[in-house]
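K.L.:
Sequence first, then the predicted structure:
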Amino acid sequence: MTSCKITMAVDGLDAARTLTGALTDLIEPAPDALTLFEAEAGWVVEGYYPDLPDIEELARRLGAVLPFPVPRIVETAVPDENWVAVSQAALPPVTAGRFTVYGSHDRGLVPRGPNTLLIDAGEAFGTAHHATTQGCLIALDRLTRRRRFARVLDLGCGSGVLAIAAARALPRALIEASDNDPQAIAVAGTNARVNGVAGRIRLRIADGLPRGRTRESRYDLILANILADPLVELAPGMARALAAGGVAVLSGLLVRQAAAVAAAYRSHGLVLASHRRQAGWSTLTLVRRRSAGRSPSDPSTLSA
């Protein structure tokens with residue numbers, strides 16, 4: 001159980017989100033839970049750990065990835081409590097594109113509708129407070145306003161938030177969601193049921209891309225909010241799994257990593273259509289070439 005807490009204060013919400021992203025995605029060990037809130041001195045980030053991390057080593061690792069000076073790290077002992085649940089109960093609703101994502105603690109406060117998603121992440125990643133999840137939701141919103149996708153994959157689905165959003169935006173699509181963590185699949189299944197789309201999403205435990213795709217069953221949209229290195233490794237398989245003209249939305253990477261990831265996909269026939277930057281993180285939208293004679297930036301590749 002969690003027994004200690006580190007606290008850091010930064011100026012601005014974007015800096016706080018960048019800091020939380022670095023703690024959860026780029027540095028081991030990741031905290032059991034994180035809270036983020038505004039205070040008089042700025043924005044405060046709290047990380048809860050079962051054992052106190054080496055503060056000097058943590059500061060060194062943060063210094064290697066943060067685009068701003070490492071804030072002072074204050075350590076505190078905390079009572080034995082389920083800080084994952086406590087931290088998520090403090091998270092407010094998030095709006096990204098047409099979607100509003102909220103937790104069960106805000107049930108009754110957020111008007112229900114086709115674009116409101118009730119997501120309790122539990123031990124899985126994906127509350128929509130991270131800039132990478134927001135970037136993917138915004139990309140999904142924009143893409144589905146311009147095109148109907150028939151086969152969709154949420155790769156590394158975590159809480160299932162992207163698959164559920166896709167099910168709401170694309171009521172006729174076949175949607176798959178995969179993760180290599182059985183706990184994440186369990187959480188995603190619960191969230192799919194709560195949001196009334198359990199029958200629309202096929203969940204599977206998979207390390208990387210699900211196998212067994214044929215030319216006729218390739219995806220025309222893949223959402224992958226993971227990390228830069230796995231994204232680069234998956235580039236050949238992603239290209240094979242996408243139909244001609246298919247779209248890949250990639251996130252979980254820092255802005256400085258975007259060029260390398262885009263280059264890996266370009267070498268396999270996917271060309272960058274858009275690059276969204278938010279709080280130090282990138283979301284890339286790439287299109288698989290239809291043919292040598294048509295540019296992926298041709299509007300027909302992104303329209304219905």
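P.N.:
Alright, I've got the coordinates.
K.L.:
make it CA atoms for all contacts and neighbour counts henceforth
P.N.:
Fine.
K.L.:
Check whether F149 really touches L170, as I assumed.
P.N.:
Yes. Using CA atoms under 8 Å, F149 makes contact with L170 at a distance of 7.1 Å.
K.L.:
Who has more neighbours out of those two?
P.N.:
F149 (22 against 19; other CA atoms under 10 Å).
K.L.:
Quick check: that one vs D220, distance?
P.N.:
Distance from F149 to D220, counting by CA to CA, to the nearest Å: 6 Å.
K.L.:
Tell me the spacing between the one residue sitting closest to the centre of the chain and R266.
P.N.:
Ranked by distance to the mean C-alpha position of the chain (CA atoms, centre = their mean), the top residue is T133 at 3.4 Å. Going from T133 to R266 by CA to CA gives 23 Å.
K.L.:
again, but for R61
P.N.:
Applying CA to CA, the value for R61 to R266 is 30 Å.
K.L.:
Same check on P230?
P.N.:
Distance of P230 to R266, computed by CA to CA: 16 Å.
K.L.:
ok, these two, which is more surrounded?
P.N.:
R266 (18 against 13).
K.L.:
which residues does the more buried one contact?
P.N.:
L272 (CA atoms under 8 Å, 6 or more residues apart in numbering).
K.L.:
Apply 10 Å and report the result again.
P.N.:
235, 239, 260, 272, 286-289 (CA atoms under 10 Å, 6 or more residues apart in numbering).
K.L.:
same check, this time on A96
P.N.:
With contact set as CA under 10 Å, 6+ apart, A96 has these partners: 128-129, 131, 133-141.
K.L.:
How about the host helix or strand of A186, which residues are buried there?
P.N.:
Assigned by DSSP states H and E, A186 falls within helix 182-194. The neighbour-count check on helix 182-194 (16 or more other CA atoms under 10 Å) flags 183-192 as buried.
K.L.:
what packs against it?
P.N.:
strand 116-118, helix 161-169, strand 174-179, strand 201-205 (3 or more CA pairs under 10 Å, 6 or more residues apart in numbering; DSSP states H and E).
K.L.:
Save these as a markdown table, and put in mean neighbour count, mean pLDDT and distance to L155 too.
P.N.:
Shown next, in a markdown table, are the helices and strands packed on helix 182-194 (neighbours: other CA atoms under 10 Å; pLDDT from 0 to 100; distance: least, CA to CA, whole Å):
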| stretch | mean neighbour count | mean pLDDT | distance to L155 |
| --- | --- | --- | --- |
| strand 116-118 | 23 | 91 | 19 |
| helix 161-169 | 25 | 97 | 9 |
| strand 174-179 | 24 | 95 | 5 |
| strand 201-205 | 19 | 94 | 10 |
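K.L.:
contacting residues for L109?
P.N.:
Neighbours of L109 in contact, by CA under 10 Å, 6+ apart: 93, 102.
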